[in-house]
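1. Pasting a predicted model and its sequence here:
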Amino acid sequence: MSYKLMNDILDTKGFKVALAKKDGSYDFTKEELIDYLHDNLMTLPGKVRANHWHLVVEKDGVPVKDADFDYYLAMYNITEEEMETERVNRLKSLRLEETALKDAIKNKTMWISENTGLPWNANYFLSGYTYEKEVKRAMEKVLPYGGVPYFAIVDHVRDGGIWVSLLYISLHKEYWGYERVSREGTIDSGVYNSALDCMDFGQIQIKVGLGGSVKRVA
């Protein structure tokens, strides 16, 4: 039994377009298609959003309903408008100082709050930042899961390394309500340890609006 992965948005000639495998063919077995959808989470969902595609799985020209396919298609078919609205709302919830917030929203600049030992953190944008390499490495660590980073918090640790708490939007839209910052300040995050070059995922606790910055407190 073979399947095709189709872009449901018609091209300029009025036809649907099938996505090809590495060998240029278009027919997948179920196992091949699941592997394809899993292996391309790093790059393909962003391409789908940017081009306003909508992917469907078809067999003999008929859309297929299958729980395994639907699990991945839900992640691939988040629209650019949905992702951008979520990104902006999450940034606003951090209560950043005005310059950083406007730049992050308008220019999609990655901003960082760094713990400098004061009651509030210092804000920096990524380009030219002292720990730019470490923040970018943290961002790389969420890419295999299709995560979309939107803010980072940097803390120094005793061994001389740093922790980068990376706030990101997952591709599981049904969980977005749980990922956002709560009234108690808990929020989903990936925490990158530069000394071990590893990322752990879970919840951290933050305080927002401290001098227009974000500080991790637990």
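-> Thanks, I have it.
2. How are the strands of the chain distributed by residue range?
-> 4-7, 17-18, 55-59, 62-63, 111-114, 122-125, 148-156, 162-169, 186-193, 198-210, 213-216 (DSSP state E).
3. comparing those, which gets the lowest mean pLDDT score?
-> Note on these: strand 17-18 shows the lowest mean pLDDT, a mean of 92.
4. Is residue 63 in contact with residue 56, as I believe?
-> Yes: using CB atoms under 8 Å, residue 63 is in contact with residue 56, at 5.0 Å. Where you see a C-beta, it was placed from the backbone N, CA and C, and this is true even at glycine.
5. Neighbour count: those two, which is higher?
-> Neighbour count, other CB atoms under 10 Å: between residue 63 and residue 56, residue 56 has more, with 17 against 11.
6. isn't the more buried one right next to residue 3, touching?
-> No: counting by CB under 8 Å, residue 56 stays clear of residue 3, with 10.2 Å between them.
7. Common neighbours of these two, please.
-> Residues touching both residue 56 and residue 3 by CB atoms under 8 Å, 6 or more residues apart in numbering: residue 64.
8. Pull up the pairing partners for the helix-or-strand element of the chain with minimal mean pLDDT, direction included.
-> Taking mean pLDDT, DSSP states H and E as the measure, the helix or strand of the chain with the lowest value is strand 17-18, at a mean of 92. When sheet partners are counted by DSSP bridges, strand 17-18 sits next to strand 4-7 (antiparallel).
9. C-alpha coordinates for the partner strand, PDB please?
-> The C-alpha atoms that make up strand 4-7 are tabulated as PDB, following Å, rounded to 0.1, in the frame of the first residue of the first chain:
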ATOM      1  CA  LYS A   4       1.600  10.400  -1.300                       C
ATOM      2  CA  LEU A   5       2.300  13.500   0.700                       C
ATOM      3  CA  MET A   6       0.500  16.300  -1.000                       C
ATOM      4  CA  ASN A   7       0.400  20.100  -0.700                       C
END
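10. could you show me where the helices are in the protein, in order?
-> 30-39, 44-50, 67-76, 80-93, 98-107, 132-142, 176-179 (DSSP state H).
11. Report the buried residues of the second one.
-> I take that to be helix 44-50. When burial is assessed from 16 or more other CB atoms under 10 Å, helix 44-50 yields the following buried residues: 44, 45, 46, 48, 49.
12. The residues you listed into CSV, with extra columns for distance to residue 104 and pLDDT?
-> Formatted as CSV, the buried residues of helix 44-50 follow (distance: CB to CB, whole Å; pLDDT from 0 to 100):
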residue, distance to residue 104, pLDDT
44, 25, 95
45, 21, 96
46, 18, 94
48, 24, 95
49, 19, 95
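13. May I ask which two of those residues are separated the most?
-> For the buried residues of helix 44-50, the maximum inter-member distance is 9.8 Å, found between 44 and 49 (CB to CB).
14. Which strand residues bridge the residue most central in space within the chain?
-> Geometric centre of the chain, nearest residue: residue 148, 1.7 Å, by CA atoms, centre = their mean. Beta bridges link residue 148 to residue 169, judged by DSSP bridges.
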